[in-house]
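> Build the 3D model from these lines:
(one chain, ligands or ions: 2)
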Amino acid sequence: MNEYIDSLRSQGKLNISIDKSKTFTWKYTKIAGPCSVEGPDIVDIARRIKSIGANAFRAGAYKPCTYPILNETNGWKEGLRQEGLDLLKIVKSETDMPIVTEVMDARMIDTVGEVADVFQIGTRNFQNYTLLDELGKTKKPVLLKRGTWGTIDEILGACERILVGGNENIAICLRGVVGMPSYRHVFSTIRWAPDIMMIPALKELTNIPVIYDPSHSTGYRNFVKPISRAAIAAGADGLILECHPNPSKSISDAAQAIDYNTLEDILNG
Ligand code: PEP
Ligand code: MN
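Ligands and ions are numbered 1, 2, ... in the order given. Modelled structure (predicted):
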């Protein structure tokens, strides 16, 4: 432990997250699915992804995009929203897969919670304290995605907010950060820098499980497998992967979506 972290502890600002005698349980280690729910074929997609070996299914019904999406395409406007949740309910009853899906707003916790087994907090809401405080009062697992700007103490501080509310069922998701635009003139879809070193850094301070997201952190499907391997080698407890039956046709995040064969290779290769 270092002096800075010790000072936060002595001020009562970080206690639970950095208690190394504490253990956390987290069973969702192979999370896969498309970026967003796009339509009724989501049920077949989930069946296939389950058969490949994922132990949780991801898909967003509510999708906060970088720029506002003004027009609907077949009902999709920053997600299928309630219709997306209804489809995820069918996925759950047909496949028995645990559902990981984003909740964007504290007022939506009950509605999203009707189908979500794991609440995903998106990078844009990493320090939305109203949302984190309310999720602390639930008992449901929370996958907290690191804000693209988040420092290590801010990551722990955000976790601590959920923990002090009484919910210890959490995992940190690393999904790439700002910086290093060195690839963009050649690989135009790369937006974030993979944050692999944060895995061992967090492991020094906390036992909170760390799930790595090689899809958003690379932004390019050809890099998803190597960065998945790197994350596991660096000590990640699991992966969350964007996978689509026809990757280049994904409504959102097409460039980073992998196909079923690549998913199979990453999970079982
Ligand atoms: C997502 O998982 O599809 C997503 C929107 O991720 P992030 O919040 O990390 O951008
Ligand atoms: Mn996405």
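
> Only C-alpha atoms from now on, for both contacts and neighbour counts.
Fine.

> The closest residue to ligand 1 within the stretch 151-269 of the chain: what's it in contact with?
In the stretch 151-269 of the chain, the residue that lies nearest ligand 1 is R175 (5.4 Å; CA to the nearest ligand atom). By CA atoms under 8 Å, 6 or more residues apart in numbering, the residues touching R175 are T123, K145, R146, T148, P194, D195, Y212, D213, P214, S215, H216, S217.

> which stretches of the stretch 101-250 of the chain form strands?
Using DSSP state E, counting those that start in this stretch, the strands of the stretch 101-250 of the chain run over residues 118-121, 142-145, 170-174, 210-212, 238-242.

> Next one: the shortest one, is it in contact with ligand 1?
The reference is to strand 210-212. No - using CA under 6 Å from any ligand atom, strand 210-212 never reaches ligand 1; the gap is at least 10.5 Å.

> just the first one next, same as before
No - Strand 118-121 is not in contact with ligand 1 by CA under 6 Å from any ligand atom; minimum separation 6.8 Å.

> What average pLDDT does that strand get?
In this model, strand 118-121 carries a mean pLDDT of 98.

> Nearest to ligand 1 within the stretch 101-250 of the chain, name that residue for me.
Scanning the stretch 101-250 of the chain for the residue nearest ligand 1 gives G122, at 3.3 Å (criterion: CA to the nearest ligand atom).

> and D117, how many neighbours does it have?
D117 has 20 neighbours, counted by other CA atoms under 10 Å.

> ugh, wrong one, V103
28.

> Hmm, K20 is touching N207, no?
Yes - using CA atoms under 8 Å, K20 is in contact with N207, at 6.2 Å.

> Of those two, which one has the most company?
Remark: of K20 and N207, N207 carries more neighbours, 18 against 14, as counted by other CA under 10 Å.

> Next to ligand 1, which bits of the stretch 101-250 of the chain? Give me the list.
So far as CA under 6 Å from any ligand atom goes, the stretch 101-250 of the chain lies against ligand 1 at G122, T123, R124, K145, R175.

> at 8 Å instead, please
Residues of the stretch 101-250 of the chain lying near ligand 1 by CA under 8 Å from any ligand atom: 102, 120-125, 145-147, 174-176, 213, 216, 242.

> quick one, what contacts the nearest residue to I18 once chain neighbours are set aside?
Of all residues not flanking I18 in the chain, T206 sits nearest, at 4.7 Å (CA to CA, 6 or more residues apart in numbering). By CA under 8 Å, 6+ apart, T206 lies in contact with S17, I18, D19, K20.

> If any of the residues you listed are buried, put those into a ChimeraX selection.
Buried members of the contacts of T206, defined by 16 or more other CA atoms under 10 Å, are picked up in ChimeraX with:
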select :17,18
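
> which one of the contacts of T206 sits closest to ligand 1?
Taking CA to the nearest ligand atom as the measure, S17 is the one of the contacts of T206 closest to ligand 1, at 21.4 Å.

> Surely that closest one is in a strand?
No - going by DSSP: H, G, I helix; E, B strand; the rest coil, the assignment for S17 is coil, not a strand.
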